[in-house]
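Enquirer: Need a 3D model of the sequence below.
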Amino acid sequence: MNAAVPYPIQNPLKELALNGVCKYLLDNRTIHIQVEEVLNLRGQGNLSGTLVLEVWALPQRYAGGDFSGYLLASQTLGELAGQHCLRQCDYALPISEPEAGVWEMVLMLREWHNGAYITRDYINFQYRLRAENTIALSLEGV
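Expert: Numbering: from 1, shown residues only. Alright, predicted model coming up:
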């Protein structure tokens with residue numbers, strides 16, 4: 001389990017953010033997610049809502065706002081105090097397959113707020129996911 005550590009930053013662009021290298025590896029029916037840092041840049045004493053990392057398959061690259069697609073994998077991180085971060089997050093998660101097709105993959109940092117998860121930050125991955133049937137997943141270049 002990752003422990004939160006102090007992370008003092010002035011004038012943040014985003015209140016909750018993915019920072020550093022974020023990558024994944026597909027291995028059979030498992031997706032391995034690595035995130036260098038998850039930051040809460042809000043003021044000290046400000047506790048986030050419950051945070052989750054989610055990997056989505058979307059019909060087009062994500063640019064923020066509303067979206068529709070398939071949730072491939074999810075990892076609950078819990079709450080994070082303001083001016084703290086989680087470092088070296090590494091998760092092996094079972095993957096749920098989308099319908100057959102070619103999908104853009106995006107990693108989202110989402111926060112529980114007022115009864116729903118809100119996307120606070122995201123990273124579009126370079127390679128698209130090709131789902132051919134219920135047992136075949138592969139990656140293809142953009």
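
Enquirer: Please count neighbours and contacts with C-alpha atoms only from this point.
Expert: Noted.

Enquirer: who touches D121 in this structure?
Expert: 14, 16-18, 108-110 (C-alpha atoms under 8 Å, 6 or more residues apart in numbering).

Enquirer: The closest residue to E15 other than its chain neighbours: neighbour count?
Expert: Here the nearest residue to E15 in space, its sequence neighbours aside, is L41; by C-alpha to C-alpha, 6 or more residues apart in numbering that works out to 4.8 Å. Residues within reach of L41, counting by other C-alpha atoms under 10 Å, total 25.

Enquirer: Surely L41 and Q83 touch.
Expert: Yes: taking C-alpha atoms under 8 Å as the definition, L41 is a contact partner of Q83 at 5.0 Å.

Enquirer: got any ranges where the protein has weak pLDDT?
Expert: 1-13, 133-142 (pLDDT under 70).

Enquirer: would you list every one of the strands in it?
Expert: Remark: strands assigned in the chain by DSSP state E are 5-6, 16-27, 30-40, 51-58, 70-78, 84-94, 101-113, 116-124, 128-131, 137-140.

Enquirer: which one of the ones you listed lies closest to G64?
Expert: Ranking the strands of the chain by their distance to G64 (criterion: C-alpha to C-alpha) puts strand 116-124 first, at 8.0 Å.

Enquirer: report the angle between the axes of that closest one and strand 30-40?
Expert: 110 degrees (axes from the mean of the first three to the mean of the last three C-alpha atoms, to 10 degrees).

Enquirer: Sheet partners, orientation included, of strand 116-124?
Expert: With DSSP bridges as the test, strand 116-124 is paired with strand 101-113 (antiparallel).

Enquirer: Quick check: buried residues in the strand it pairs with?
Expert: 102-112 (16 or more other C-alpha atoms under 10 Å).

Enquirer: now swap in stretch 14-23 and tell me
Expert: 15-18, 22.

Enquirer: Now for the nearest residue to E37 once chain neighbours are set aside, how many residues are close by?
Expert: Computed as C-alpha to C-alpha, 6+ apart, the closest residue to E37 that is not its neighbour in sequence is R87, at 4.5 Å. For R87, the count of nearby residues is 18 (other C-alpha under 10 Å).

Enquirer: From what I see, R87 and Q34 are in contact.
Expert: No: between R87 and Q34 there is no contact under C-alpha under 8 Å: 9.9 Å.
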